[in-house]
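> This is the structure alone, sequence omitted:
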């Protein structure tokens, strides 16, 4: 924090930017200016702290500030945003009470400050100022009652330390998809260090708020565009860049900055003034090493304010196929990769010039690249749609019917979480298999003898089935694909029985993760991994909505395929009635059916009850109760009517899918309302 006596000697232009002073004449403004102190705050500085004595009236000239209170655990709450021209600390200045909120600079900010005693004198000597203040307080009280908050803006800087990584393509399409997915105001701000380009010069407008706003082009794109060039040799620009990038925040929800590849003072200052930094790199050792150096420079600049979750590495989609594996990239960077962009095929993009000195790469909306950016834009804007596929053994095939409806209706899912059979279906869908393909996979078991393909009986010590047959079947569908290969972000839930701890798997091979999640205790052999005994994720979390909640997903669709006690009871009554009808069947009329039924009944009686059926039915009874509680975290719950179908009847795949489809169709109005809100 520092006072600015020299740069802002003439305080009248500053006061004219603050709405509370708009009605004052020249003499009144001069009187106010005698008491004004202009103070410069750096990003992260505390302007005034909750509980501190009343000291002054404040108003924001440039930058951004947010206010908050701290609870007993030090957690921020009651957060609001102070934007350019807004004032704060008024109640304390008027009443003398301690500050009720902490005010912290989001960007480098310029604030005017009037000592509390001087402010009281000004109110007495300038009646119009008191009227304006009362109107401000009335508006603030109304906002407090209606829980209205100032517009929150997000500044996203996109930077590639090496040319040719596709950063500008990424920045432009991110801005366009943010607009498409949120229908909020988005500004694409393109900075160029090429002094010969046909763009306005940053040096001519950087200190003039109105000139900055006038330079914005509207109507040339779906988003507004501010395209400027700058002279990297101008030492004054870096000190003013915060004013420049924060100037439009009152008018835009999202500002996407497309920065040049050179690393100079202007670029570094712009990066550190942004809320989110996306570093775009190619997947080769040289570029990754350069990106790592940039991360270190940002960290050194921000010091304790550096947050890894706000500095994110994007691997560009320029190269076809990775030159390095995700593990090799991680080792070189020693930093997590946030996103891998799909490769753009030549027919999936075209160049468009939309303004003097500015052109961009328009990407086909149906491409995997566009789908990835679209999903990311929903993540940034916190409107992600998450899908939870619960466990339920064969009953989980009903998930395929729900997926079919989502595909048919064009409902996009941003992340899918699966437990047990839900994990199996989720993994197949996440890597790109359609509902029709999933149906064909399920129909492999319509012939009951096909179950022998996944049946590898073992000495019943750790289970009845070894699980190798299941892994072999999965490998035929998933090959060696990893979570990185998922087209839809995927999480699989398992459980460590030794440590009684839920495990949410998000890396490694999909076959291994699914094999762990379907290991029904006592039936399928658990997976031993180090000091862990990993079993079916559905045992303790059959409907893992909590995983999406923890990820910050706000729109959750959950599918619970477990049968309620009433549904089980109904199924048992129907089975008993069917048994009575079959026993009453006359031999003379249907001799073969009579003999077939009697023989089948005797065989079934020999194996009833059996340990597998007892274990699964016992587990599903408790799992339903757990799932019911988890379902409360879902915005839309789909519960297919699966009465009359048993947990082991994989061969009823067509009926299971049809029932899932019917349930999803019934829930479709609620789903559409959820995704569109």
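Nice, thanks for sending it over. Just so it is clear, the model here is predicted, and its values are computed rather than measured.
> starting at the chain centroid, how far to the helix ranked longest in the chain?
Identified as the longest helix of the chain according to DSSP state H is helix 653-676. Relative to the mean C-alpha coordinate of its chain, helix 653-676 is positioned 24 Å out (CA atoms, centre = their mean, to the nearest Å).
> on contacts alone, who are the packing partners of that helix?
Packing contacts for helix 653-676, counted by 3 or more CB pairs under 8 Å, 6 or more residues apart in numbering; DSSP states H and E, involve helix 398-408, helix 435-443, strand 555-559, strand 636-638. C-beta here means a position set from N, CA and C on the backbone, and glycine is covered the same way.
> Kindly reformat these as CSV containing mean neighbour count and mean pLDDT.
Below are the helices and strands packed on helix 653-676 laid out as CSV (neighbours: other CB atoms under 10 Å; pLDDT from 0 to 100):
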stretch, mean neighbour count, mean pLDDT
helix 398-408, 24, 97
helix 435-443, 17, 95
strand 555-559, 26, 97
strand 636-638, 24, 97
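> start to end distance for stretch 65-82?
End-to-end distance of stretch 65-82 (CA to CA, to the nearest Å): 5 Å.
> Give me the contact list for it.
If you take CB atoms under 8 Å, 6 or more residues apart in numbering as the criterion, stretch 65-82 is touched by 47, 50, 60, 64, 88, 100-106, 109, 111, 149-153.
> Among those, which ones are in strands?
47, 60, 88, 102-105, 109, 111 (DSSP state E).
> Arrange those in JSON lines, one row each, with pLDDT, neighbour count and distance to residue 665 as further columns.
Below are the ones in strands among the contacts of stretch 65-82 laid out as JSON lines (pLDDT from 0 to 100; neighbours: other CB atoms under 10 Å; distance: CB to CB, whole Å):
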{"residue": "47", "pLDDT": "95", "neighbour count": "23", "distance to residue 665": "55"}
{"residue": "60", "pLDDT": "94", "neighbour count": "25", "distance to residue 665": "52"}
{"residue": "88", "pLDDT": "91", "neighbour count": "22", "distance to residue 665": "52"}
{"residue": "102", "pLDDT": "95", "neighbour count": "18", "distance to residue 665": "50"}
{"residue": "103", "pLDDT": "95", "neighbour count": "24", "distance to residue 665": "51"}
{"residue": "104", "pLDDT": "95", "neighbour count": "21", "distance to residue 665": "49"}
{"residue": "105", "pLDDT": "95", "neighbour count": "24", "distance to residue 665": "52"}
{"residue": "109", "pLDDT": "93", "neighbour count": "27", "distance to residue 665": "53"}
{"residue": "111", "pLDDT": "94", "neighbour count": "27", "distance to residue 665": "56"}
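> ok, so of those, who is nearest residue 650?
Each of those was checked against residue 650 using CB to CB; the closest is residue 104, at 57.3 Å.
> So the closest one sits against residue 46, correct?
Yes: here residue 104 lies in contact with residue 46, judged by CB atoms under 8 Å, at a distance of 5.5 Å.
> what about the helices in the stretch 101-250 of the chain?
Taking DSSP state H, counting those that start in this stretch, the helices of the stretch 101-250 of the chain run over residues 116-125, 127-145, 167-182, 202-205, 209-214, 237-246.
> Please identify the most buried of these.
helix 167-182 (a mean of 24; mean count of other CB atoms under 10 Å).
> what about that one, average pLDDT?
What helix 167-182 shows for mean pLDDT is 94.
> Any stretches of the stretch 501-650 of the chain with poor pLDDT?
571, 574-585, 587-610 (pLDDT under 70).
> Oh, that last question was meant for the chain, not what I typed.
Using pLDDT under 70, the flagged stretches of the chain are 1-9, 138-151, 319-322, 449-452, 571, 574-585, 587-610.
> In space, not sequence, find me the middle residue of it.
With distances taken as CA atoms, centre = their mean, residue 379 lies nearest the centre of the chain, 3.0 Å away.
> just to revisit the earlier point, what is the nearest of the ones in strands among the contacts of stretch 65-82 to residue 255?
The closest of these, once distances to residue 255 are taken by CB to CB, is residue 109, at 16.0 Å.
> okay but that closest one is in contact with residue 243, surely?
No: under the criterion of CB under 8 Å, residue 109 makes no contact with residue 243, lying 9.1 Å away.
> which neighbours do these two share?
62-63.
> hmm, back to that, nearest to residue 118 among the helices and strands packed on helix 653-676 would be which one?
strand 555-559 (50.4 Å).
> and residue 352, that's in a strand?
Yes: when DSSP: H, G, I helix; E, B strand; the rest coil is applied, residue 352 is found to be in a strand.
> any idea how far it lies from residue 173?
12 Å (CB to CB, to the nearest Å).
> Which residues are in contact with each of these two?
361-362.
> Take the helices of the stretch 101-250 of the chain and write them to a markdown table, including distance to residue 20.
A markdown table is the format used below for those (distance: least, CB to CB, whole Å):
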| stretch | distance to residue 20 |
| --- | --- |
| helix 116-125 | 11 |
| helix 127-145 | 5 |
| helix 167-182 | 31 |
| helix 202-205 | 26 |
| helix 209-214 | 17 |
| helix 237-246 | 20 |
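> For residue 635, which of those helices is the nearest?
Short answer: helix 167-182, nearest of the helices of the stretch 101-250 of the chain by CB to CB, at 17.5 Å.
> Please state the offset of that closest one from the chain centre?
Per CA atoms, centre = their mean, the centroid offset for helix 167-182 relative to its chain is 15 Å.
> which other helices and strands contact that helix?
strand 154-159, strand 186-192, strand 254-258, strand 276-281, strand 358-363, helix 368-380.
> one more time with 6 Å
strand 186-192, strand 254-258, strand 358-363, helix 368-380 (3 or more CB pairs under 6 Å, 6 or more residues apart in numbering; DSSP states H and E).
> List of residues touching that helix?
158, 160, 186, 188, 222-223, 254, 256, 258, 280, 360-361, 363, 373-374, 377-378, 381 (CB atoms under 6 Å, 6 or more residues apart in numbering).
> In the beta-sheet assignment, what are the partners of the nearest residue to residue 152 once chain neighbours are set aside?
Excluding its sequence neighbours, the residue lying closest to residue 152 (CB to CB, 6 or more residues apart in numbering) is residue 81, at 5.3 Å. Going by DSSP bridges, residue 81 is paired in beta bridges with residue 66.
> Tell me the spacing between residue 81 and residue 494.
Distance check for residue 81 against residue 494: by CB to CB, it reads 41 Å.
> burial count for the nearest residue to residue 642 once chain neighbours are set aside?
In this structure, residue 642 finds its nearest non-sequential neighbour in residue 395, 5.3 Å apart by CB to CB, 6+ apart. Look at residue 395: counted by other CB atoms under 10 Å, it has 28 neighbours.
> With residue 196 instead?
8.
> How about the backbone phi and psi for it?
phi -90, psi -10 (degrees, to the nearest 10).
> Contact partners for it?
Counting by CB under 6 Å, 6+ apart, there are no residues that residue 196 touches.
> ok, and the closest non-adjacent residue to the residue nearest to the centre of the chain?
Distances taken as CB to CB, 6+ apart put residue 414 closest to residue 379, at 6.5 Å, once the chain neighbours are dropped.
> how near is that neighbour to residue 384?
Distance from residue 414 to residue 384, by CB to CB: 4 Å.
> can you check residue 305 too?
Distance check for residue 305 against residue 384: by CB to CB, it reads 27 Å.
> now do residue 409
Going from residue 409 to residue 384 by CB to CB gives 18 Å.
> neighbour-wise, which of these two wins?
residue 384 (24 against 14).
> Run through the residues that contact that one.
378, 414, 553.
> Tell me the spacing between the nearest residue to the last one once chain neighbours are set aside and residue 473.
So that's residue 553. Distance criterion CB to CB, 6+ apart; nearest residue to residue 553, sequence neighbours excluded, is residue 386 at 3.9 Å. Residue 386 sits 27 Å away from residue 473, going by CB to CB.
> Same check on residue 515?
From residue 515 to residue 473 the distance is 10 Å (CB to CB).
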